[in-house]
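*Asks:* what follows is a protein structure lacking sequence information:
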């Protein structure tokens with residue numbers, strides 16, 4: 001299943017699908033093999049209510065498919081109302097916000113209806129924004145609607161594109177691109193390498209590369225997805241990504257690196273090609289669909305097979321969580337929404353989670369869902385701080 005279709009399904013079940021989204025979903029689901037994929041996806045990621053554990057859950061899914069067809073005809077009648085929200089799917093499977101599956105919870109228990117306390121809620125989803133630091137130390141703010149030109153690059157506020165230079169044998173100048181909490185950005189280096197940077201990340205890189213020399217960039221901290229320009233069109237020069245504790249050597253490939261300052265693990269996930277990861281005087285080769293986990297404290301590493309679409313979905317507008325604790329989830333959300341999270345009830349921080357979340361979702365919808373499922377009793381929002389009780 002493509003990331004686009006997965007995103008549309010998430011939007012549909014989150015009650016935020018547009019008429020155009022619904023058209024695409026309907027055409028895709030016409031194929032019998034896609035109908036099975038849809039059923040499996042809903043069952044795996046959205047089977048939250050007890051209805052899905054009922055012997056008639058197949059019937060429930062069939063009804064869900066029927067509603068999609070029914071809503072498609074409705075979409076044509078209101079096709080100019082792009083913001084129309086389709087709520088029927090959530091009603092059918094008994095959900096308020098069908099994104100979450102927490103383990104070891106009895107969802108049909110009575111849930112207290114304590115109204116949340118909200119004081120000056122200033123929380124919004126992340127947007128395109130970054131700080132570009134030039135080699136002379138001057139800084140430029142990159143944000144949507146703001147056009148910036150430098151000697152070597154230009155930005156329309158959503159991407160930073162460097163000029164491709166055929167020859168550069170002089171002294172290498174470096175720029176830094178810093179993505180604050182609540183931001184993300186795309187950059188294309190002078191060699192054609194494409195990099196997507198997640199919230200709270202920093203990349204150091206040359207404005208151009210010397211011919212025949214190793215192309216080296218540094219992920220100072222944070223998370224980045226690399227689509228590396230092949231060595232065959234760059235004078236057979238290797239491409240190397242370094243950070244404080246490891247070095248990744250590639251020849252032309254796609255991979256994701258997650259190395260946040262407040263986490264003790266570095267995750268390197270390979271999508272395509274082959275990479276060599278060097279750390280603690282060791283070398284480890286990983287192949288597609290593998291993830292290398294290196295622990296900075298113990299200096300130990302492990303490799304496991306992963307669903308790479310889950311690992312890189314953040315750059316496509318989705319958060320996919322698989323057996324993540326509420327503590328881990330809120331850490332991800334704190335970067336994306338630029339918030340602070342306080343667990344007044346420490347026990348709930350270990351609750352585990354499986355599911356998908358659209359990155360443009362309102363934070364109050366997310367918190368209300370967790371509350372409705374009995375994970376938290378109350379929550380409070382004070383400006384950009386969330387207190388979970």
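*Replies:* Cool, got the structure. Values in this document were obtained by computation on a predicted structure and should not be read as measured data.

*Asks:* where does pLDDT dip in this structure?
*Replies:* Applying pLDDT under 70 to the chain picks out residues 1, 12-19, 39-114, 120, 166-170, 354-355, 372-373.

*Asks:* which strand in it has the most residues?
*Replies:* strand 215-227 (DSSP state E).

*Asks:* and it, what does it pack onto?
*Replies:* strand 194-197, strand 201-206, strand 239-242, strand 254-259 (3 or more C-beta pairs under 8 Å, 6 or more residues apart in numbering; DSSP states H and E). C-betas here are computed from N, CA, C, even on glycine.

*Asks:* including distance to residue 227 and mean neighbour count, could those strands go into TSV?
*Replies:* Shown next, in TSV, are the helices and strands packed on strand 215-227 (distance: least, C-beta to C-beta, whole Å; neighbours: other C-beta atoms under 10 Å):
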stretch	distance to residue 227	mean neighbour count
strand 194-197	4	21
strand 201-206	14	22
strand 239-242	11	22
strand 254-259	5	22
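
*Asks:* mind listing the helices for the stretch 51-200 of the chain?
*Replies:* Assigned by DSSP state H, counting those that start in this stretch, the helices in the stretch 51-200 of the chain fall at 57-77, 88-92.

*Asks:* just to revisit the earlier point, what's the angle from the longest strand of the chain to strand 201-206?
*Replies:* 140 degrees (axes from the mean of the first three to the mean of the last three C-alpha atoms, to 10 degrees).

*Asks:* each with direction, which strands does strand 215-227 pair with?
*Replies:* Within its sheet, and counting by DSSP bridges, strand 215-227 is paired with strand 194-197 (antiparallel), strand 201-206 (antiparallel), strand 239-242 (parallel), strand 254-259 (antiparallel).

*Asks:* contacts for it?
*Replies:* Residues outside strand 215-227 that contact it (C-beta atoms under 8 Å, 6 or more residues apart in numbering): 176, 179, 189, 191, 193-206, 209, 234, 237-243, 250, 253-261, 312, 314-315.

*Asks:* mind putting the helices and strands packed on strand 215-227 in JSON lines, distance to residue 308 included?
*Replies:* Below are the helices and strands packed on strand 215-227 laid out as JSON lines (distance: least, C-beta to C-beta, whole Å):
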{"stretch": "strand 194-197", "distance to residue 308": "14"}
{"stretch": "strand 201-206", "distance to residue 308": "19"}
{"stretch": "strand 239-242", "distance to residue 308": "17"}
{"stretch": "strand 254-259", "distance to residue 308": "8"}
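
*Asks:* looking at those strands, spot the one closest to residue 36.
*Replies:* Residue 36 lies closest, by C-beta to C-beta, to one member of those: strand 254-259, at 28.1 Å.

*Asks:* quick check: buried residues in stretch 208-218?
*Replies:* 208, 209, 210, 215, 216, 217, 218 (16 or more other C-beta atoms under 10 Å).
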